[in-house]
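>>> sequence? don't have it. structure:
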């Protein structure tokens, strides 16, 4: 398929420095897919609130990604945007807010993420009553699921349809649910829904064991990776943090701890991050450092794009979709 105008613009003008790294990374990703490799995309930060779903959902539908790792916040905030979009408020002058003005936002039930405020009542609480019922039904029946599986059940059940405020095709979580795409959600407890689930456990309404754990996510990934790595598995990391740190460790874990010495390294690595290299920083570490940890091979294609992921990721996805 020939490239569309966005891709043509990128190829013509993105020739040096971070822009050239963007093109190299996109072409490297494209080559991985052409070679039959499976690709993991990891989502950190507030990519869902940044509405990455507008292009990432299509990326999923077109089979450009085979497994996702994301924070609990990204898992839930795509659905929050789906059901409460009109209630979000943008604060373009956020840098000028006083502590009192920040407090006033809290009093209005608005939780700020940089220049965007998430409405607590319409977003969090609207989901809470429906997800609680799904959690409770599983708990009563002695069933256990992963955090993303509960979210899939809620989305596919249709209970949220009355609240939809954006085009369903712009929800990456719905696109993933339709494909039953595997998702790894390390540290899910560090999210609004994770906090809410914990509150029900504290009150005695739910058992903690109803929610499958992070260790079980690693066990799942340790089974998935060898079964899907015949032609390689590429690693495309948006941001830093646990969304990337957790899944990348499956390779050294299998090699060192399970003594599976034939397990292949990640076949591709790209990170979009504005974290600078500094003392002890992992998010800002250059890719070659990962060689010493048994995550990447000497010959693994490695790319780092030091820029804003909300600018870079949509452009790379557009290039891979031939837009």
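Looks like it came in fine. Fair warning: this is a prediction, and the values are worked out from it, not measured in the lab. Numbering: from 1, shown residues only.
>>> only C-alpha atoms for contact and neighbour calcs from this point on.
Noted.
>>> so who does residue 266 touch?
232-235, 251, 295-297, 300 (Cα atoms under 8 Å, 6 or more residues apart in numbering).
>>> next step: the residues you listed restricted to helices.
Judged by DSSP state H, these include residue 251 as members of helices.
>>> show me where this protein has helices.
5-13, 17-34, 53-61, 72-84, 99-107, 126-140, 147-157, 172-179, 192-202, 214-228, 242-248, 250-252, 309-320.
>>> the third one - contacts with which helices or strands?
With contacts defined as 3 or more Cα pairs under 8 Å, 6 or more residues apart in numbering; DSSP states H and E, the secondary structure elements packing on helix 53-61 are helix 172-179, helix 309-320.
>>> try it again at 10 Å.
Contacts defined by 3 or more Cα pairs under 10 Å, 6 or more residues apart in numbering; DSSP states H and E place helix 53-61 against helix 72-84, helix 172-179, helix 309-320.
>>> will you turn the ones you listed into TSV that also has distance to residue 27, mean pLDDT and mean neighbour count?
Below are those laid out as TSV (distance: least, Cα to Cα, whole Å; pLDDT from 0 to 100; neighbours: other Cα atoms under 10 Å):
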stretch	distance to residue 27	mean pLDDT	mean neighbour count
helix 72-84	26	98	24
helix 172-179	23	98	21
helix 309-320	8	98	19
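>>> out of these, nearest to residue 28?
helix 309-320 (10.3 Å; Cα to Cα).
>>> give me the helices and strands touching that closest one, please.
helix 5-13, helix 17-34, helix 53-61, strand 233-238, strand 268-272.
>>> in JSON lines, list those along with distance to residue 224 and mean neighbour count.
Listed next are the helices and strands packed on helix 309-320 as JSON lines, based on distance: least, Cα to Cα, whole Å; neighbours: other Cα atoms under 10 Å:
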{"stretch": "helix 5-13", "distance to residue 224": "33", "mean neighbour count": "14"}
{"stretch": "helix 17-34", "distance to residue 224": "18", "mean neighbour count": "18"}
{"stretch": "helix 53-61", "distance to residue 224": "18", "mean neighbour count": "20"}
{"stretch": "strand 233-238", "distance to residue 224": "11", "mean neighbour count": "25"}
{"stretch": "strand 268-272", "distance to residue 224": "17", "mean neighbour count": "25"}
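>>> export those to a markdown table and tack on distance to residue 194 and mean pLDDT?
Formatted as a markdown table, the helices and strands packed on helix 309-320 follow (distance: least, Cα to Cα, whole Å; pLDDT from 0 to 100):
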| stretch | distance to residue 194 | mean pLDDT |
| --- | --- | --- |
| helix 5-13 | 39 | 98 |
| helix 17-34 | 33 | 98 |
| helix 53-61 | 22 | 98 |
| strand 233-238 | 22 | 98 |
| strand 268-272 | 27 | 97 |
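>>> quick one, which of the ones you listed is nearest to residue 222?
Of these, nearest to residue 222 by Cα to Cα is strand 233-238, at 12.8 Å.
>>> who are the packing partners of the closest one?
Looks like strand 233-238 contacts helix 17-34, strand 38-43, strand 67-70, helix 242-248, strand 268-272, strand 302-305, helix 309-320 (3+ Cα pairs under 10 Å, 6+ apart).
>>> please name every helix or strand in contact with the longest one.
Judged by 3+ Cα pairs under 10 Å, 6+ apart, helix 17-34 is in contact with helix 5-13, strand 38-43, strand 233-238, strand 268-272, strand 302-305, helix 309-320.
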